[in-house]
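Asks: take this sequence and fold it.
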Amino acid sequence: MSFVGRIVGQQEDAEDVVQNTFVAAYEHWKSYDPLKASLSTWLQRIAYHEALYHLRKRKRQVTLQFEVSEDIPDELPETTTSERLDEAIQMLSPEDQMLLHLYYFDQLPLKDIAYITVKADADLPRETSRLSSQLYRIRQRLRIILTSTNNE
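Replies: Numbering: from 1, shown residues only. A predicted model of the protein is given here:
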């Protein structure tokens, strides 16, 4: 429930998504392969996609476009507080927010995150590499957001 709640944001929506997750898990239980992932990772995969489908259906996604330049600092501004970081994270797309949460807060390995976030049985080593690059770009966007809000 907390995993889904971080994606959809509202309690009622999270309850609906969790219910849809368990219905989907029941309908596709034969596709579960314990050699590929643990049961909890498999359920997180279903929940992740159900939550993103829910957001797309409600058209709640907001995507910010950033131009990446060479003068992005390697570190966050010193004046960054946890509240400002939370606000900056909220400005990212739901997919980017979830990648940050899965990697930094849930501390899942990239292999598990790749399994959760891919839509089909893709090449997991390739997806793991792609996720590493994507996390780097997300961190750049956060630095841009935080640097621009510091300058305002």
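
Asks: distance between whichever helix or strand residue 83 is part of and the chain's centre?
Replies: Per DSSP states H and E, residue 83 falls inside helix 82-90. Taking CA atoms, centre = their mean, to the nearest Å, one finds the center of helix 82-90 at 15 Å from the center of the full chain.

Asks: which of the residues in it are buried?
Replies: 84, 88-89 (16 or more other CB atoms under 10 Å). For the C-beta atoms, the positions are set from N, CA and C on the backbone; glycine is no exception.

Asks: the protein: helices as residue ranges?
Replies: All helices of the chain, identified by DSSP state H, fall at 2-8, 11-27, 39-58, 82-90, 94-100, 110-117, 124-151.

Asks: and of the ones you listed, who's closest to residue 33?
Replies: Closest to residue 33 of these, according to CB to CB: helix 39-58, at 8.2 Å.

Asks: returning to what we had before: including mean pLDDT and distance to residue 33, could the helices of the chain go into TSV?
Replies: Converted to TSV, those look like this (pLDDT from 0 to 100; distance: least, CB to CB, whole Å):
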stretch	mean pLDDT	distance to residue 33
helix 2-8	81	21
helix 11-27	91	13
helix 39-58	86	8
helix 82-90	83	33
helix 94-100	85	23
helix 110-117	87	10
helix 124-151	84	13
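
Asks: tell me the most buried of the ones you listed?
Replies: Highest mean neighbour count of the helices of the chain: helix 110-117, a mean of 21 (counted as mean count of other CB atoms under 10 Å).

Asks: packing partners of that helix?
Replies: Contact partners of helix 110-117 among helices and strands, from 3 or more CB pairs under 8 Å, 6 or more residues apart in numbering; DSSP states H and E: helix 39-58, helix 94-100, helix 124-151.

Asks: show the contacting residues for the residue most central in space within the chain.
Replies: Nearest to the geometric centre of the chain sits residue 98, at 1.6 Å (CA atoms, centre = their mean). Taking CB atoms under 8 Å, 6 or more residues apart in numbering, we find residue 98 in contact with 6-7, 48, 51-52, 117.
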